[in-house]
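Sequence and computational prediction follow.
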Amino acid sequence: MKEALKEYDADTIKGIPVVQEDLLFHIKLAAATRNTVIESRLVILVPVIIKVLIENNICHNKRNNASMAEHHNILDAVIKKDSVAAAEAMRVHLS
């Protein structure tokens, strides 16, 4: 997750579209749960998510900067093994 987030941060700062990096972070996050149901559902949803992100211009520079901070909040909570903070950070991110 850390490496995926580094790539996301670097491309966001450069102004490069980060749809792939965003999804990679979420895929790594799902893998970290060690819950095969979550992992398999996310993989099934990836094509739909990509379509929605692109059609609704969700991964644009202004939003990417907010997402960058949100991703860091999620990762920090996961590293601390704080499930309450992780759930809240994810709720904020997906809102």
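All right, it came through fine. Numbers count the residues shown, from 1 in each chain.

What is the three-state secondary structure of residue 67?
helix (DSSP: H, G, I helix; E, B strand; the rest coil).

Double-check it against residue 94; I have them as touching.
No. Applying CB atoms under 8 Å, one finds residue 67 not in contact with residue 94, separated by 10.4 Å. Backbone N, C-alpha and C define where each C-beta goes, glycine included.

Of these two, give the one with the bigger neighbour count.
residue 67 (18 against 8; other CB atoms under 10 Å).

Next, the contact list for the more buried one, please.
With contact taken as CB atoms under 8 Å, 6 or more residues apart in numbering, residue 67 is in contact with 8, 12, 22, 59, 93.

As JSON lines, those with pLDDT, neighbour count and distance to residue 35 would be great.
Putting the contacts of residue 67 into JSON lines (pLDDT from 0 to 100; neighbours: other CB atoms under 10 Å; distance: CB to CB, whole Å) gives the following:
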{"residue": "8", "pLDDT": "86", "neighbour count": "22", "distance to residue 35": "23"}
{"residue": "12", "pLDDT": "86", "neighbour count": "21", "distance to residue 35": "28"}
{"residue": "22", "pLDDT": "86", "neighbour count": "24", "distance to residue 35": "20"}
{"residue": "59", "pLDDT": "66", "neighbour count": "19", "distance to residue 35": "26"}
{"residue": "93", "pLDDT": "89", "neighbour count": "15", "distance to residue 35": "18"}
